[in-house]
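Asker: Give me a 3D structure for the following:
(chains A and B)
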Amino acid sequence: MLDIVIRNGRIVDGTGLPAFQGDLGIAGGRLRQVGGKLAAPARHEIDARGRAVAPGFIDPHTHFDAQLLWDGQARPALEHGVTTVVHGNCSLSLAPLKAEHRAKLVGMFQQIEEMPDAAFRGAFEWTWESFADYLAALQGRVALNVAPLAGHTPIRMWAMGADAQKRAAKPDEIRAMQDLLRACLEAGAVGLSTSYVDMDENLAPVPSRYAHREELDALASVLGEFGRMLQVVPEFYNTDVTVARVDQLAELSLAHGIPTTFSPLFDSAAIPDNVPRVLERVAEQFARGARVWPQVQTRPIDISFSLDMASLYFIQLPMWYMILRMPREQRLALMRNDGTRKGLIDAAEPGGDTARFARLRVRDSRDASLVGRTLGEIAAERGTTPAAAMLDLSLEEDLGVHFLAASMGHEDPKRIGPILANDLVHVGASDGGAHIQSFATYGDTGYLFSEFVRAGHHLSLEHAVRKITGDTARIWGLPERGLLQPGMAADVVVFDPDTIARGDELPARDMPESGMRYVRSARGVDTVIVNGEIVWSAAGGYTDARPGVIATAGA
Amino acid sequence: MVAEAVIDEAVVAPGHDGQAVLVVRVRHENGASDTVTLEADQARKLLEECAAETAEQLRGQPWRRLLTALER
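Answerer: Numbering: from 1, shown residues only, chains lettered A, B, ... in the order given. Okay, the predicted model is just below:
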């Protein structure tokens, strides 16, 4: 008997070929039949009439390293249909890591990925130093599949100690790093991550940034033994340097026969030629036979701020910017002063035009009823103006209220749509599990369908599914995933193609010790299956199943 | 033709981490242009170095003033 039958679905198989109607049968964690009519009964039946049935989505850029140890479901990524995650990006992984380096690495995670202290201390037990033992700690704990990268930073710290953040490596240290990386790959690592950008908690460059070219070349040669991925954070804010990094990655790809990927790459009205120039060079390098995959996120970028700091958001308003740069007590006194307050409001709303602040939203407030509402709405309710409402709310909560200027960059669907549809662009860079107190990194897959399939028609349903399933599995070398074909691992998501989307961004206090983060719930997703077991459904929520495996090893 | 590279414009853009950044476009002597992205502290230094109160007032300032802003 089959374990699960999904009947009457619109099967979108991850290849990009046209969808077709049919049933899907699952047994023993694998797909047994894809298409046709299944007469046989099953232990569990799902009616997918009017729904799409697709391979589980694969998220190639996350930082769930720690979260998976106390939340094996990587909530809420799983309910969005994400069944496999790549973590350990940006040179940072929790293994291999000597016990004496744990505090230092946690500091880097907190600085770079904005993760709270409680996520690392007390929420789980550190039982490992080696990569293999870290993977053992995940086994039986995770509801979704994991494809972890080994981080260049902890590898360097292991081999060089404190000197990892001081100098280039000596030949024997490079050999030690090669041996370490080889052990990680043998244990199941999907590749190596490194960074040219990030800083530690003391604003010193992270260890990976001290590596000379010879060191990265030596590590890439080990990746070549396994055909595994090199992931890089380039100087993404500078087009010229990013183009140079594309060339560097291409040389490593060609020399060692490895795939490489870099992230982030995003579009902005401030630098409109950034993406076109980078993609032009990427295309040239692919034509040479190199593999240099740029990762592009689907979601727009927001700016968030409070009046507790002088955000550059106010740089066009000199009076605001000047006052926000003053010491806190002086700033509070001026904001309470009637004359200064009138001046601030007049500057923000010249001639009574309230447009500048009216669309800003409250991101976080002690008053939960305010969260998500615009200053325009709140001002109307209070009989005041948006600028006055911003000042009042901030003073009422001792400057603790946070505001959101939504969709300030990477926001033009007419520009982003064709980028995402480009065959040389890898859809990803969600940063899931990171920046949790700044914005929600969940729901990028739903947004891909709502904005770029349904609204903009930049991709077909089949193309969009392929981009986050079959393509991702192929780019990363994940066997038996990303496609709905008999014999493949039964990672499946059932969703409504007419409604799938991301929910609103909301604060939640579900981190260890009731810590706050921003989340988005899923819309339009019905059922999520990992290795043949239902892990989430719209009707029943999260289940107790923990069927996730190390995805590099196959099903 | 200008005698040396100058700041052509400076606009606010969103950074990767959700914070606002200042993208400064520099125009070179030969007419080519390039951008430099500054975080909040760096932008503040640039404004002080140029005795500017607004981003608009950075226009026409010599590019060398960026060097001070970029020093950590």
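Asker: Contacts made by stretch A:214-227 with the rest, please.
Answerer: Stretch A:214-227 is contacted by residues A:152, A:155, A:168-169, A:174-175, A:177-178, A:181-182, A:185, A:191-192, A:194, A:229-230, A:252, A:255-259, A:477 when judged by Cβ atoms under 8 Å, 6 or more residues apart in numbering or on different chains. Glycine gets a C-beta too; all of them are placed from N, C-alpha and C.
Asker: Show me those that map onto helices.
Answerer: A:152, A:155, A:174-175, A:177-178, A:181-182, A:185, A:252, A:255-256 (DSSP state H).
Asker: Separate out the buried members of those.
Answerer: Applying a neighbour-count criterion of 16 or more other Cβ atoms under 10 Å in any protein chain shown, the buried members of these are A:152, A:155, A:174, A:177-178, A:181-182, A:185, A:252, A:256.
Asker: which residues of chain B fall in helices?
Answerer: B:40-49, B:64-70.
Asker: Could you give me the buried positions within the first one?
Answerer: I take that to be helix B:40-49. B:40, B:42-47, B:49.
Asker: still on that earlier bit, do you know which of the helices of chain B lies nearest residue A:335?
Answerer: Across the helices of chain B, residue A:335 has its closest neighbour in helix B:40-49 (19.6 Å, Cβ to Cβ).
Asker: My understanding was that residue A:191 contacts residue A:232; is that so?
Answerer: No: using Cβ atoms under 8 Å, residue A:191 is not in contact with residue A:232, being 10.6 Å away.
Asker: Give me the common contacts of these two.
Answerer: By Cβ under 8 Å, 6+ apart, no residue touches both residue A:191 and residue A:232.
Asker: circling back to that earlier point, need the buried residues of helix B:40-49 in JSON lines with pLDDT, can you?
Answerer: Formatted as JSON lines, those follow (pLDDT from 0 to 100):
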{"residue": "B:40", "pLDDT": "88"}
{"residue": "B:42", "pLDDT": "91"}
{"residue": "B:43", "pLDDT": "92"}
{"residue": "B:44", "pLDDT": "90"}
{"residue": "B:45", "pLDDT": "92"}
{"residue": "B:46", "pLDDT": "94"}
{"residue": "B:47", "pLDDT": "93"}
{"residue": "B:49", "pLDDT": "93"}
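Asker: of the residues you listed, list those near chain A.
Answerer: By Cβ under 8 Å from any Cβ of the partner chain, the members of those lying near chain A are B:40, B:43-44, B:47.
Asker: can those go into CSV with extra columns for distance to residue A:18?
Answerer: CSV is the format used below for these (distance: Cβ to Cβ, whole Å):
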residue, distance to residue A:18
B:40, 49
B:43, 50
B:44, 55
B:47, 56
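Asker: tell me the two of those that are most distant?
Answerer: B:40 and B:47, at 10.8 Å, using Cβ to Cβ across those.
Asker: that older thread, ok, so of the buried ones among the ones in helices among the contacts of stretch A:214-227, who is nearest chain B?
Answerer: Each of those was checked against chain B using Cβ to the nearest Cβ; the closest is residue A:152, at 19.4 Å.
Asker: quick one: contacts for that closest one?
Answerer: So residue A:152 contacts A:91, A:192-195, A:207-208, A:211, A:219 (Cβ under 8 Å, 6+ apart).
Asker: Quick check: strands, which of the residues you listed are part of them?
Answerer: Taking DSSP state E, the ones among the contacts of residue A:152 that sit in strands are A:192-195.
Asker: low-confidence ranges in chain B?
Answerer: For chain B, applying pLDDT under 70 flags the ranges B:1-2, B:72.
Asker: what about the strands in it?
Answerer: Under DSSP E, chain B gives strands at B:6-14, B:20-27, B:33-38.
Asker: Same check on the stretch 451-555 of chain A?
Answerer: In the stretch 451-555 of chain A, the strands defined using DSSP state E, counting those that start in this stretch lie at A:492-495, A:501-502, A:506-511, A:515-519, A:522-523, A:525-530, A:533-537, A:541-542.
Asker: Which one of those strands lies nearest to chain B?
Answerer: strand A:515-519 (9.6 Å).
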